[in-house]
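*Asks:* okay, structure incoming, though there's no sequence with it:
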């Protein structure tokens, strides 16, 4: 599992870890039942505090992405398809908001932007 942290990213380190692990799960790179590295191991690999990795894992568990078994470790949880769909929808909404902001600043109309979206969606 490859996680990259950036000092230039405005998000706290635990959020960067959380986001990257979510993406690995949503993309299918990490599958249900796969073990995650221990909090200590990940902290050592990333050269950060164990408290930071603990917070990231707690957030992932709270959101249903992983489950922790005492004495065994943390594993990718069996997720329902609705949760996965919602997470993908949130990601798409973020990209669409950026597109809307760019279009507005360039004077592109809603109709023009909708046409571009339809064209891209239909031809991808």
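*Replies:* Structure received. Because the structure is predicted, anything quoted here is derived from the model rather than measured.
*Asks:* any idea which helix is longest in this structure?
*Replies:* Using DSSP state H, we find that the single longest helix of the chain is helix 81-106.
*Asks:* next, the angle helix 81-106 makes with whichever helix or strand comes after that helix.
*Replies:* Remark: after helix 81-106, the chain's next helix or strand is helix 110-122, criterion DSSP states H and E. Helix 110-122 runs at 140 degrees relative to helix 81-106, counting by axes from the mean of the first three to the mean of the last three C-alpha atoms, to 10 degrees.
*Asks:* in helix 110-122, what counts as buried?
*Replies:* By neighbour count on 16 or more other C-beta atoms under 10 Å, the buried set for helix 110-122 is residue 113. From N, CA and C alone the C-beta is placed, and that goes for glycine too.
*Asks:* got it, and stretch 62-80?
*Replies:* Buried residues in stretch 62-80 (16+ other C-beta under 10 Å): 65, 66, 68, 73, 74, 75, 76, 77, 79.
*Asks:* what's the closest of these to residue 18?
*Replies:* Closest approach between the buried residues of stretch 62-80 and residue 18, by C-beta to C-beta: residue 65, at 8.4 Å.
*Asks:* which ones are touching the closest one?
*Replies:* Residues in contact with residue 65 (C-beta atoms under 8 Å, 6 or more residues apart in numbering) are 21, 22, 25, 76, 77, 79.
*Asks:* so which of those sit within helices?
*Replies:* Among these, DSSP H puts 21, 22, 25 in helices.
*Asks:* between those, which is closest to residue 53?
*Replies:* Taking the ones in helices among the contacts of residue 65 together and measuring to residue 53 by C-beta to C-beta, the closest member is residue 21, at 10.4 Å.
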